[in-house]
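**Student:** one predicted model, sequence on top.
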Amino acid sequence: MASVGLTGGESIPCIDIEVHRSPSGGLGFSIAGGIDQDSSKNPFLRNDKGIFVSKIVQQGPAELAGLKIGDKLLSVNGYDLLLVTHDHAVKLLRKQKDQILRLKVTRQGMAW
């Protein structure tokens, strides 16, 4: 298990997941959250303004790669997703032209 460093010397345990785009270009997941959203209504981790996986398409690229509902996205292809708006996260995910998205994620149950 890898970890992502934070300011102040802290680190978050994370896993690397590679999502291979479908032939139509889809990734097979939706996101929720962001610094511009009401984090008190976050169903995954109350008061966390991170970007979370909110839906997974059955047998889609994300599910086949091991992504799960509730996973917190930390980065995509090296771009930080820790303190971004929802719209910015969507744009970052969509603008990646690579056939493979390299995600760093953390999920509940991983030791913090």
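**Tutor:** Good, I have the coordinates.

**Student:** what strands flank the strand ranked longest in the chain, and is each parallel or antiparallel?
**Tutor:** Secondary structure of the chain per DSSP state E: the longest strand is strand 11-20. If you go by DSSP bridges, strand 11-20 pairs up with strand 2-5 (antiparallel), strand 100-106 (antiparallel).

**Student:** residues contacting the longest one, please?
**Tutor:** Outside of strand 100-106, the residues within contact range by CB atoms under 8 Å, 6 or more residues apart in numbering are 2, 4, 12-21, 27, 53, 67, 71-78, 93. Backbone N, C-alpha and C define where each C-beta goes, glycine included.

**Student:** ok, which stretches of this protein are helices?
**Tutor:** 61-65, 86-95 (DSSP state H).

**Student:** now the last one: mean pLDDT?
**Tutor:** Model confidence over helix 86-95, given as mean pLDDT, is 94.

**Student:** and the residue nearest the centre of the chain?
**Tutor:** Geometric centre of the chain, nearest residue: residue 73, 2.1 Å, by CA atoms, centre = their mean.

**Student:** report pLDDT for that residue.
**Tutor:** pLDDT, residue 73: 97.

**Student:** quick one: it and residue 92 touch, right?
**Tutor:** No: counting by CB atoms under 8 Å, residue 73 stays clear of residue 92, with 9.5 Å between them.

**Student:** overlap in contacts, those two.
**Tutor:** Listed as contacting both residue 73 and residue 92 by CB under 8 Å, 6+ apart are residue 81.

**Student:** can you pull the buried residues of the longest strand of the chain?
**Tutor:** Residues of strand 11-20 classed as buried: 12, 14, 15, 17, 19 (neighbour count, 16 or more other CB atoms under 10 Å).

**Student:** so where's this structure shaky on pLDDT?
**Tutor:** 1-10, 110-112 (pLDDT under 70).

**Student:** with adjacent residues omitted, what lies nearest to residue 65?
**Tutor:** In space, and not counting its chain neighbours, residue 65 is closest to residue 19: 4.5 Å by CB to CB, 6 or more residues apart in numbering.
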